[in-house]
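# show me how the following folds:
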Amino acid sequence: FRLFIPMLRRPGHSVQVKVRPLLVLAAVIIFGYLLVVDVFLAGSGDEHEHEGPNSLMSERERRHGGHVDTVVGGDDGATNTQHVHEDSEKLKAKTMEKVGQVEKHVQRLRAKVEQLDKDTAAARKQLLEQQIKTDKLTHLIDEEQEQIHRFRDKVDHAHAGRDKLVNKLKNDRKFIDFKEKVLRQGKKKLGEVKPKAVVEDQSLSKSEITRLEDESFKKNAFNEYRSRQIPLDRDIPDVRHSMCKRKDYSRDLPQATVIICFVNEAWSTLFRTVWSVINRTPQHLLKEILLVDDASDADWLGENLVREVEDNLPDFVRLVTSSERLGLIRARLLGAKHASADYMVFLDSHCEANIGWMEPLLDWMVEDKTRVVTPIIDRIDKHSMRYSGGPSSSRGTFHWTLDFTWEMPPPTSDATAPIMSPTMAGGLFGINRDYFYEVGSYDTGMDGWGGENLEMSFRIWQCGGSLNIIPCSHVGHIFRDTHPYTIPNSTINETFLRNSIRLAEVWMDEYVDVFYDIKPSARNVNYGDVSDRLELKKQLNCKPFQWYLDNVTKGKFIPTKETIKHKGQIKNPLNLCFDKGAGGLSYQCHPKGLYSISQAWWFTTYNEIRYVWDMCLMGTSSGAVTLTGCGAVSRHWSFDAEKQQLKWHDKCVSLDHKGAKLMPCDGSTSQQLSFTGVMNA
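Sure, this is the predicted structure:
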């Protein structure tokens, strides 16, 4: 019993409350049983103080081995019977006494158990009340802490707003001072370094002016002489659609870093680009302008450039200089490394940002960081420097030679809606800085420039992003026919081909064979290791190129065995071939080893003669053969390989040194045309 009492007095420690009544009952039963046994053992001990059964025998019984006849009757028998009866009564009395004692103990135990239950219930009630009070107090403390946190947030927000306002006021003051400085120095001559002729000399003759223009054109691939006569912050026409002019954008848009990479860029076009961004970008959206100098060695830059940025431009214009030539791709990576805003906008160094150009780009990107955007690219004439553009836009696509090209987008009723673009030109685009790195930035195995725009376009689409042209954003660009700079240790054509092979091997899957079929020489080019880009493709769980063709460039012609009847050069015994780049479309056939695509043609199952740049030959009523867009009107060709006749309706093509023309079929040598079956590129 003493073993159970501590357990009964310590509820919740060694014994759970639910099983305590059972333990009490068990204790009572065991205690009662022990008392009864003790009573019987005590009674037996009072009558016979012996140690075992043999001591109960008389001397006579022991002598007869325990077998003595029982004598019935007599005084001794009566006396023994009486003694037994008395002993039985005494034993019964003692037993009842013990039972009474047990019952009293049980009652006392029950009373103690009831008291313990009452104490436990009271303690439980008290504990519950205390827990409720504790919970209320905890809730009050949590509310107080939440109020403290909210108050601290408000204080921090107020401090941040104050700091932001102070900085804005400082920047506004600096910008106003800067503008006043601009006005004092004169807009037209602000910051102009005078390499040679800056202001047109009225005494110059037209021939001398023409000579200067030609010299500057050869040096820069545009009329830089004319560009120098134009103010760096000239006004340009607002060519946006009227619906764009009525659009409102949130003032809470994020800031952007504008990155302008250049090498030996003409002073006038470089700083006209910078000034257009400064003047036509809301200040609260422009975090910084980074001018990335890719190791320029032009005498008009260098220290002149450093002084111009430090002395005549706002503090948010910063110069980042590379000590060695990087090429466009790596120069942009250098610029991205120094960018501090959440969004980056890359521009070429011969652009002019138009009115309201930045807001539409940020407005579309901020909704989804995987959205990559480009503005409508207006044209700055490379001869006259005249700015021209309009509200309509083409969208980017590609040729199977992996050259970038434009196409008309599907019609839309909303002139402000973003235009899904399969590819981008690559010189002007905006992207979230984090997403830029998440999706693989640039292929650092590429050199110079070329091909990186298609590689990024394919990668963005196939890996879950999107690419859109924003029609309310306009930026002018000088489109040059050639490039006035060189690629270190290579040529532009070589790096472009190598870059194209890398993107084809990584992103085009089985369609890489289409590219190699057009350019067989590419199979022999060492394009380096692309294993890291293939691993990136796997990690990003990118879709196959077939998905891109089915969903992004729907309806694009795919040259396969099912769609191509004949291919290669179209030549006659005079060794003349159809040539896309020649006047009259006729030129001497390129020999093997002269890698060019200008004489690469397909005769398709649609009865069209298709150039590899998605253009088709078509005959005219005057007998001329022209190169035009492909469609129903260009599908009237037939080819008889046995007769070597190429016909437009019922007229045969005749190819001579003057060009291609339609003639009555006479079997002459100039009309004996055939497909070589092999592209010579």
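# so M344 is in which element?
strand 343-347 (DSSP states H and E).
# what's in contact with that strand?
254-261, 273, 277, 332, 335-336, 353, 358, 361-362, 365-366, 427-433, 436, 475 (C-beta atoms under 8 Å, 6 or more residues apart in numbering). For glycine as for every other residue, the C-beta is placed from the backbone atoms N, C-alpha and C.
# quick one: mean pLDDT for that strand?
Across strand 343-347, pLDDT averages out at 98.
# let me know the next secondary structure element after that strand.
Strand 343-347 is succeeded, C-terminally, by strand 351-353 (DSSP H and E).
# average pLDDT across that next one?
For strand 351-353, the per-residue pLDDT averages 98.
# I'd like the distance between S413 and V506.
38 Å (C-beta to C-beta, to the nearest Å).
# pick out whichever of the two has more residues nearby.
V506 (23 against 5; other C-beta atoms under 10 Å).
# three-state assignment of the more buried one?
The assignment at V506 comes out as helix when based on DSSP: H, G, I helix; E, B strand; the rest coil.
# how about it: what's its closest non-neighbour residue?
R533 (4.6 Å; C-beta to C-beta, 6 or more residues apart in numbering).
# wait, the one you found sits on N499?
No. Using C-beta atoms under 8 Å, R533 is not in contact with N499; the gap is 12.0 Å.
# overlap in contacts, those two.
In contact with both R533 and N499: D443, using C-beta under 8 Å, 6+ apart.
# so the two - more neighbours on which side?
N499 (25 against 21).
# narrow the contacts of strand 343-347 to those that are buried.
Buried members of those, counted by 16 or more other C-beta atoms under 10 Å: 255-261, 273, 277, 332, 335-336, 353, 358, 361-362, 365-366, 427-433, 436, 475.
# take the residues you listed and keep only those in strands.
A256, T257, V258, I259, I260, C261, A353, F429, G430, I431, N432, V475 (DSSP state E).
# could you dump those residues to TSV with distance to Y587?
Below are these laid out as TSV (distance: C-beta to C-beta, whole Å):
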residue	distance to Y587
A256	48
T257	48
V258	44
I259	42
I260	40
C261	37
A353	42
F429	37
G430	42
I431	42
N432	48
V475	37
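# can you tell me which of these is closest to V373?
Nearest to V373 among these is G430, at 4.7 Å by C-beta to C-beta.
# so what's the residue count around H636?
Neighbours of H636 (other C-beta under 10 Å): 13.
# go on, I30?
Neighbour number of I30 under other C-beta under 10 Å is 12.
# what does the one 3 residues further on give?
Counted with other C-beta under 10 Å, residues neighbouring Y33 total 11.
# contacting residues for it?
Counting by C-beta under 8 Å, 6+ apart, there are no residues that Y33 touches.
# let's go with 10 Å and repeat that
V102 (C-beta atoms under 10 Å, 6 or more residues apart in numbering).
# check G631 too.
G631 neighbours (C-beta under 10 Å, 6+ apart): Y606, E608, C616, M618.
# quick check: G451 vs L655, distance?
Taken as C-beta to C-beta, the span from G451 to L655 is 34 Å.
# also G583?
For G583, the distance to L655 - C-beta to C-beta - is 13 Å.
# same question for D235.
From D235 to L655 the distance is 51 Å (C-beta to C-beta).
# just the strands in the stretch 401-550 of the chain please.
Under the criterion DSSP state E, counting those that start in this stretch, strands of the stretch 401-550 of the chain are mapped to 404-407, 419-420, 429-432, 466-478.
# what's the closest non-adjacent residue to the residue minimising distance to the centre of the chain?
Centroid-nearest residue in the chain: Y435, 4.1 Å away (criterion: C-alpha atoms, centre = their mean). Nearest residue to Y435, sequence neighbours excluded (C-beta to C-beta, 6+ apart): K369, at 4.7 Å.
# show me the contacts for the one you found.
Residues near K369 by C-beta under 10 Å, 6+ apart: D342, Y343, I431, N432, R433, D434, Y435, F436, E438, V439, G465.
# switch to 7 Å and redo it
N432, D434, Y435 (C-beta atoms under 7 Å, 6 or more residues apart in numbering).
# turn these into JSON lines, columns for pLDDT and distance to S394.
Formatted as JSON lines, those follow (pLDDT from 0 to 100; distance: C-beta to C-beta, whole Å):
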{"residue": "N432", "pLDDT": "98", "distance to S394": "25"}
{"residue": "D434", "pLDDT": "98", "distance to S394": "30"}
{"residue": "Y435", "pLDDT": "98", "distance to S394": "25"}
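# picking up where we left off before, who's more crowded, D235 and L655?
L655 (27 against 9).
# what's across from that one in the sheet?
A660 (DSSP bridges).
# list the contacts for it?
L655 neighbours (C-beta under 7 Å, 6+ apart): N572, L576, F578, S586, S670, L673.
# poorly predicted segments of the stretch 101-250 of the chain, please.
Scanning the stretch 101-250 of the chain for pLDDT under 70 picks out 160-202.
# if we use 90, what do you get?
Counting by pLDDT under 90, the stretch 101-250 of the chain shows low-confidence ranges at 101-210.
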